[in-house]
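>>> Fold the following and give me the result.
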Amino acid sequence: MSYYKRRPIPHRANSVMNTVVLIAMGAAIGVAAEQSTSAGEPRQLTSDGLLKPDPVYWPGGEQIVYTVEAPTGRMRLVRQNLADGATEYVHQREDLSDREPSVSSDGSKYAYNTVDGLSSRIVVRDVSQSRDILVPRGKVADWVNWPSLSPDGKQIVFTGGAAYLYKYDLVKAGGDESLVQLSEADAPYSDLWPRFSPDGERIVFSSRRDNDFEIYVMNADGENQRRLTESPGVDMHPACSPDSERIAFTSNRDGNYEVYLMQADGSNPRRLTNHPERDDFPAWHPDGQHLVIVSEREGRFDLYLIEVPQ
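Presented below is the predicted three-dimensional model:
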């Protein structure tokens, strides 16, 4: 799910993306939250009001990278220094749309989704060697999304065709044979928004296999897939804490999109945000005590820093 305008996707992915678009428009189910928690007064990090999904902290916590729509209409990756608020485009080219960044724990590699016309590719930038790795799509649909690098930068997981999760071995880099499907073959549901845990042992994701989007987890090899949440409505955009012990995610279980927190085993879900408009895309600060979120205020979208109750 994303706020982005997307092209129609052929065959079964069409119905999935229609569902995703409805989610993005704010379709909600009024269900009381299990537990509401005050996260303190949020600190506003940006003020341009532009839509800026997919924030991620760079190693060290001094910079944050996010997607923003440039004046040209293209999606661009922006790097912001948190000390002085200065921003710059990560890539200077303007002919493609880049979005959905992910970074290895040491910053030696970062990945992103780049869109050209009616298809997209996952690109891994090897900073240490100043080279790009194009992740093969094999039999995957022309449309791929939500790349997540493993902490050691050796593997990447992503969604293909708005349907299935795939993992690619960047060390072997043996072409299509290094591409492994983690989702059940020909499953009638969709697995979206994968993220490696910082310890590299698990992958959290959202799945519609139980008729609505819930948060799931699997081992890094794809085994032991299990459900963590159970609520009417939509649970999505999971992100593991730096110690891999907690998961932040977005849910509309209370009738509005808010950011929630739970333990890594799905226990003790509690709401962190609470205001009339949308809060989404939680990303952990390396200190494990704060989250940056995309918050809608009077129709404007900016990044806010919130405290996470211990």
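>>> which residues of the chain fall in helices?
Remark: helices assigned in the chain by DSSP state H are 13-24.
>>> where does it have low pLDDT?
Along the chain, segments meeting pLDDT under 70 span 1-40, 138-141, 173-175.
>>> burial measure for residue 94, as a count.
Neighbours of residue 94 under the rule other C-beta atoms under 10 Å: 12. The way it works is simple: take the backbone N, C-alpha and C, and place the C-beta from them, glycine included.
>>> now residue 45
If you count neighbours by other C-beta under 10 Å, residue 45 ends up with 18.
>>> What of residue 185?
Applying other C-beta under 10 Å, we find 6 residues neighbouring residue 185.
>>> Residue 100 now?
Considering only other C-beta under 10 Å, residue 100 is surrounded by 27 other residues.
>>> before we move on, what about residue 255?
For residue 255, using other C-beta under 10 Å, the count is 13.
>>> Look up how far residue 183 lies from it.
Distance, residue 255 to residue 183, by C-beta to C-beta, to the nearest Å: 30 Å.
>>> repeat for residue 154
From residue 154 to residue 183 the distance is 21 Å (C-beta to C-beta).
>>> Have a look at these two and say which one is more surrounded.
The residue with more neighbours, out of residue 154 and residue 183, is residue 183; 22 against 14, by other C-beta under 10 Å.
>>> which residues touch the more buried one?
Contact analysis of residue 183 by C-beta atoms under 8 Å, 6 or more residues apart in numbering lists 163-166, 191.
>>> Turn those into TSV, columns for neighbour count.
Output for these, formatted as TSV (neighbours: other C-beta atoms under 10 Å):
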residue	neighbour count
163	24
164	22
165	27
166	27
191	26
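>>> and those residues as TSV, adding distance to residue 310?
Below are the contacts of residue 183 laid out as TSV (distance: C-beta to C-beta, whole Å):
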residue	distance to residue 310
163	38
164	37
165	32
166	36
191	31
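>>> any idea which of those is closest to residue 250?
Of all the contacts of residue 183, residue 250 sits closest to residue 191, with 16.5 Å by C-beta to C-beta.
>>> ok, the closest one touching residue 161?
No. Taking contacts as C-beta atoms under 8 Å, residue 191 lies outside contact range of residue 161: 10.8 Å.
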